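Student: sequence below, structure please.
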Amino acid sequence: MLKWALIFAIVALIAGGLGFGGIAGAAAGVAKILFFLFVVGFLIFLALGLMAGRKISGN
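Tutor: Numbering: from 1, shown residues only. Here you go, the predicted model:
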C-alpha cells in the first residue's frame with residue numbers, strides 16, 4: 001500500500017510540474033488516503049504483534 005501511495009505521489013508531482021492541476025490534485029488525494037491507511041494498518045499490526053509477544057513470553 002505504501003508503494004502505491006508513493007507511485008501516486010510521484011504521478012501528482014509530475015502532473016503538477018507539467019501543468020495538469022486536476023490530475024495532480026486527484027493523484028495527491030489518492031496518495032494521501034493510501035498513506036494514512038498504511039499508517040493505520042501499521043499501527044494496528046504493531047499493537048497486535050506486541051500483545052502476541054507478551055502472551056508468548058508470559059508477561
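
Student: for the chain, just list every one of the helices.
Tutor: Here the chain has its helices, by DSSP state H, at 2-18, 21-57.

Student: center of this structure - which residue?
Tutor: F35 (2.0 Å; C-alpha atoms, centre = their mean).

Student: and the residue nearest to that residue when sequence neighbours are not counted, what does it touch?
Tutor: Once flanking residues are discounted, F35 sits nearest to A5: 4.3 Å by C-beta to C-beta, 6 or more residues apart in numbering. Where you see a C-beta, it was placed from the backbone N, CA and C, and this is true even at glycine. Neighbouring residues of A5 by C-beta atoms under 8 Å, 6 or more residues apart in numbering: 31-32, 34-35, 38.

Student: just give me the closest of the residues you listed to L18.
Tutor: Nearest to L18 among the contacts of A5 is A31, at 16.9 Å by C-beta to C-beta.

Student: am I right that that closest one is in contact with A12?
Tutor: Yes: using C-beta atoms under 8 Å, A31 is in contact with A12, at 6.1 Å.

Student: run a quick neighbour tally on R54.
Tutor: 10 (other C-beta atoms under 10 Å).

Student: any stretches of this protein with poor pLDDT?
Tutor: For the chain, the stretches with pLDDT under 70 are 58-59.

Student: and the residue nearest to A27 when sequence neighbours are not counted, how far is that from G19?
Tutor: Once flanking residues are discounted, A27 sits nearest to A12: 3.8 Å by C-beta to C-beta, 6+ apart. Using C-beta to C-beta, to the nearest Å, one gets 13 Å for the distance from A12 to G19.
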